[in-house]
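1. Sequence and predicted structure are below.
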Amino acid sequence: MLIADIHLSGIIYAMLRRRMTAPLAAVGVASDFYSILFYLAVGCIGGLGPLYAAAHAAGDPDRMARLRTAGTIACAVLALPLGVALWNSPALLGMLGVDTDLVEAGTGYARAMACTLIPMLAVAVLRTRLTAIERPGVMLRITLCAVPLPSTMFPTERLSIS
């Protein structure tokens, strides 16, 4: 997941770099705020890993089913308040002392990223479960297949590394 996140960040940087530095800074602030909230949520979800592993080792399908439900609930419970925080990031970051003009410029990006929180946390739950039951290769294959997707989503943009 980190590989895909870094890849997407590189594409966004390359697209904005040619324009102006202010939008790049605004997206950077919004992206960092998203990352802080996202990794906080993923850390909470990671607490399910040992529970998944214990249920899998015990061969308890009922407990595994309950834990799958718990993962779904954890995803929703974490995504809703964090999504609201991202949606309202201009007010929150403004209270933290971040330049208001900069935050306002990144509002669209922050709100677009807020919409990705539920699927990203769902993937984090899946990754936690697959790793706990000793099947991390599935997630690695999915991630490796997904890495080229962001670059194919913007065919009109020609990215240059110069």
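-> Looks like it came in fine. Note that the structure is a prediction, hence the values are computed from the model and not measured. Numbers count the residues shown, from 1 in each chain.
2. What is the helix or strand that contains V125 packed up against?
-> Counting by DSSP states H and E, the element that carries V125 is helix 117-132. With contacts defined as 3 or more C-beta pairs under 8 Å, 6 or more residues apart in numbering; DSSP states H and E, helix 117-132 has these neighbours: helix 21-46, helix 49-58, helix 61-87, helix 136-146. No exception for glycine: its C-beta is placed from N, CA and C like everyone else's.
3. quick check: mean pLDDT across stretch 146-162?
-> Mean pLDDT, computed over stretch 146-162, is 56.
4. Adding distance to G108, write the helices and strands packed on helix 117-132 out as CSV.
-> Shown next, in CSV, are the helices and strands packed on helix 117-132 (distance: least, C-beta to C-beta, whole Å):
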stretch, distance to G108
helix 21-46, 9
helix 49-58, 35
helix 61-87, 11
helix 136-146, 24
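5. Of all those helices, which one is nearest E104?
-> helix 21-46 (7.9 Å; C-beta to C-beta).
6. got any ranges where this structure has weak pLDDT?
-> For the chain, the stretches with pLDDT under 70 are 1-20, 149-162.
7. How about the contacts made by M139?
-> 1, 126-127, 130-131 (C-beta atoms under 8 Å, 6 or more residues apart in numbering).
8. Any quick ChimeraX command for the buried ones out of those residues?
-> Here is the ChimeraX command that selects the buried residues among these (16 or more other C-beta atoms under 10 Å):
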select :126,127,130,131
